[in-house]
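S.K.: next input, structure requested:
(one chain, ligands or ions: 2)
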Amino acid sequence: MDMNYQDRIPNNIELGANRTLQRALEHWQPAFLSWWHGLGPSDFNAADVYLRTATSVDAKGWATYGFVRMPEYRWGIFLAEPEPDRRIGFGDNFGQPVWQQVPGEHRSTLRRLIVTQGDTEPASVEQQRLLGHTAPSLYDLRNIFQVNVEEGRHLWAMVYLLHAHFGRDGREEAEELLERHSGDADNPRILGTFNEPINDWLSFYMFTYFTDRDGKFQLKCLAESSFDHLSRTCKFMLTEEAHHMFVGDTGIARVIKRSLEVMAEIGSQDPDAVRRAGAVDLPLIQKYLNFWFSSSLDLFGGDSSSNAASYFAHGLKGRPDEPRFADHLAADGMFALELPNGQGGVKTEHIPMRNAMNEVAREAYVKDCQMGVTRWNKVIERAACDFRMTLPSPRFRRSVGSWAHVPTDTAGSIISKENYEAHLTDWLPTEADRAFIRSLMKGVYEVGKIAGWIAPPDRGVNNLDINYEYVKFH
Ligand SMILES: [Fe+2]
Ligand SMILES: [Fe+2]
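M.R.: Ligands and ions are numbered 1, 2, ... in the order given. I've put the predicted structure just below:
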């Protein structure tokens, strides 16, 4: 294979000068492309899609727009510019120079952290692979493909780290990233949420709002890492991640807006009437929110975690936005954790701060999630509708941590198992709810048209008209 990798793979890692890495990537690339054709967006690989491609990390090059066929997307390898004399920002080695090589004693832990992050990237592409058939508009179709190719690039970013810094073990892990599959009974993706099916666009918007936002916080934690290449890689990924959350945030807002318009048109806020008029009633949007928010909370891991403490102590994974904290050692602080007391009530336990790092990140995430909810509620309020969206309590429907499998209501009060099960149909989408949402899912691919269950976006991509022909079929 005499592909010019310097041209094919835009990069700022001097790939041309690194024969070993080139060979490793030459080997991996055909496997990646065959994965993309098999499990990437189904049936749209011949379409010309108006996509953003990163061709460099500076302001001019990181978002280069143009029509591309997805399999020809230039999956580049980019690290944020190095920070001169960067120092370790937290943990026991605070203030020492960051690492340009992986220290032997942290090799397997860092590899595991990179693999766990890397596994989520292709997983989401697999989860979303059929949604192209039911996009509400060309604008939305283009957006999902943008998200998909960038998750593909994030996979490349993690594979680059594995190939460049973890030798043969890294190469094997890179292959396995293409072998596990979302929802596969025998060989699933590593984390629960990434095995949940995404069969409709409401789920897609919830996923990009809540689950990509978990990604944002994980990347923020890894961007603090003492392993400088991991830090720089994650910093650049964060610039792209912002768009994915924008798609979710505005997507949910547009479904709500349409719902409010329909309520005004029919002069009723009755959920059944809203559904009969072809829009999504607000209580159903709330149910989808409950599902994806609670699932995404589990991605942060246990609330009291010795692994988290050791990642922090060794400088492998920090807190999101570490500089905003005053004490970067966190060696003797305590964290007050609220736990079920085993008798139907709640107790407070003080645990060492370092053991609470997952919880610290989760709390920052919850705050961030709330901002969109507050914005959506303003729109609802302006429409003189009494309904309000709420984030359920982080105790609700958890599978990981102290609250795992403790039955609570959405406000976080512990209730009996029977009571919990009796109420689940009020809190989470039922089969009938999902069937209703699926009944709305019909692809709208005519320029200037949009599905009836969602409002058009406020503006188009890259200053183009909202009705621009973002995807051209052949
Ligand atoms: Fe990603
Ligand atoms: Fe993402």
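S.K.: so which helix or strand takes in whatever residue of the stretch 1-150 of the chain ends up closest to ligand 1?
M.R.: Here the stretch 1-150 of the chain gets closest to ligand 1 at one residue, Glu121, 4.9 Å apart by CB to the ion. Where you see a C-beta, it was placed from the backbone N, CA and C, and this is true even at glycine. Assigned by DSSP states H and E, Glu121 belongs to helix 107-127.
S.K.: do that helix and ligand 2 come into contact?
M.R.: No - residues of helix 107-127 are not located near ligand 2 by CB under 5 Å from the ion, the shortest gap being 6.6 Å.
S.K.: is the residue lying closest to Val444 once chain neighbours are set aside in a helix, a strand, or coil?
M.R.: In space, Val444 comes closest to Ala451 once its chain neighbours are excluded; the distance is 4.9 Å by CB to CB, 6 or more residues apart in numbering. Judged by DSSP: H, G, I helix; E, B strand; the rest coil, the three-state class of Ala451 is coil.
S.K.: how about the helix of greatest length in the chain: buried residues?
M.R.: Scanning the chain for the longest helix, with DSSP state H as the assignment, gives helix 228-266. By neighbour count, with 16 or more other CB atoms under 10 Å as the criterion, the buried positions of helix 228-266 are 228-237, 240-241, 243-245, 247-260, 262-263.
S.K.: one more: stretch 385-403?
M.R.: In stretch 385-403, counting by 16+ other CB under 10 Å, buried: 385, 387, 389, 391-398, 400-403.
S.K.: just the terminal-to-terminal distance for that stretch.
M.R.: By CA to CA, to the nearest Å, the extent of stretch 385-403 from end to end equals 34 Å.
S.K.: what does stretch 377-385 rub up against?
M.R.: When contacts are taken as CB atoms under 8 Å, 6 or more residues apart in numbering, the neighbours of stretch 377-385 outside the stretch itself are 253, 256-257, 260, 263-264, 269, 282, 387-389.
S.K.: which parts of it are buried?
M.R.: Neighbour-count burial for stretch 377-385 [16+ other CB under 10 Å]: 377, 380, 383, 385.
S.K.: off-centre distance for the helix holding Glu121?
M.R.: Shown here is helix 107-127, whose average C-alpha point lies 12 Å from the average C-alpha point of the whole chain (CA atoms, centre = their mean, to the nearest Å).
S.K.: now it against helix 228-266, angle please.
M.R.: Taking axes from the mean of the first three to the mean of the last three CA atoms, to 10 degrees, one finds that helix 107-127 is oriented at 30 degrees with respect to helix 228-266.
S.K.: what is helix 107-127 packed up against?
M.R.: Judged by 3 or more CB pairs under 8 Å, 6 or more residues apart in numbering; DSSP states H and E, helix 107-127 is in contact with helix 19-39, helix 138-165, helix 167-176, helix 212-223, helix 228-266, helix 306-313.
S.K.: identify the residues contacting the spatially closest residue to Ser231 that is not a sequence neighbour.
M.R.: Spatially, and ignoring its direct neighbours in sequence, Ser231 is nearest to Ser225 (4.8 Å; CB to CB, 6+ apart). When contacts are counted by CB under 8 Å, 6+ apart, Ser225 is found next to 110, 231, 234, 315-318.
S.K.: which one of the residues you listed is nearest to Glu151?
M.R.: Distances from those to Glu151 were compared by CB to CB; the smallest belongs to Cys234, at 14.2 Å.
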